[in-house]
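Asker: coordinates only, sequence not included:
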């Protein structure tokens, strides 16, 4: 598949969908591992990012508002579920050195 110059996201390498019916019927968070071009200059970087999905498809314009209060009978919040999905993708695709070698201390 040819990537257009203004493309920000390539096809995902992998993703995990998490139901989010409290947003709307059929809504879900899509936690994605893939290539992203923030500056639209053809310089793609691997990233994990979260999108909102609906029955009509993925919304690339709407920010995923991840709820921090429990919406599950087991007491887990949407944030807990999204963090677990991020961890799972990180374990599948990111070796320790690959994932942490370019992190700049912020404190």
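Answerer: Received the coordinates, thanks. Fair warning: this is a prediction, and the values are worked out from it, not measured in the lab. Numbering: from 1, shown residues only.
Asker: Report all helices and strands that the lengthiest helix in the chain contacts.
Answerer: Of all segments of type helix in the chain, defined using DSSP state H, the longest is helix 78-93. Other elements packing on helix 78-93 under the criterion 3 or more CB pairs under 8 Å, 6 or more residues apart in numbering; DSSP states H and E are strand 14-19, strand 28-36, strand 45-54. (Each C-beta comes from the backbone N, C-alpha and C, glycine too.)
Asker: give me the low-pLDDT residue ranges for the chain?
Answerer: 1-6, 95-107 (pLDDT under 70).
Asker: can you tell which of the helices and strands packed on helix 78-93 is closest to residue 70?
Answerer: Proximity to residue 70 (CB to CB) singles out strand 14-19 among these, at 14.1 Å.
Asker: Can you give me the buried ones in that closest one?
Answerer: For strand 14-19, burial by neighbour count (16 or more other CB atoms under 10 Å) applies to 15, 16, 18.
Asker: neighbours around residue 84, how many?
Answerer: Around residue 84 there are 14 other residues, counting by other CB atoms under 10 Å.
Asker: Please report how far it lies from residue 11.
Answerer: Separation of residue 84 from residue 11 (CB to CB, to the nearest Å): 24 Å.
Asker: cool, and residue 43?
Answerer: 17 Å.
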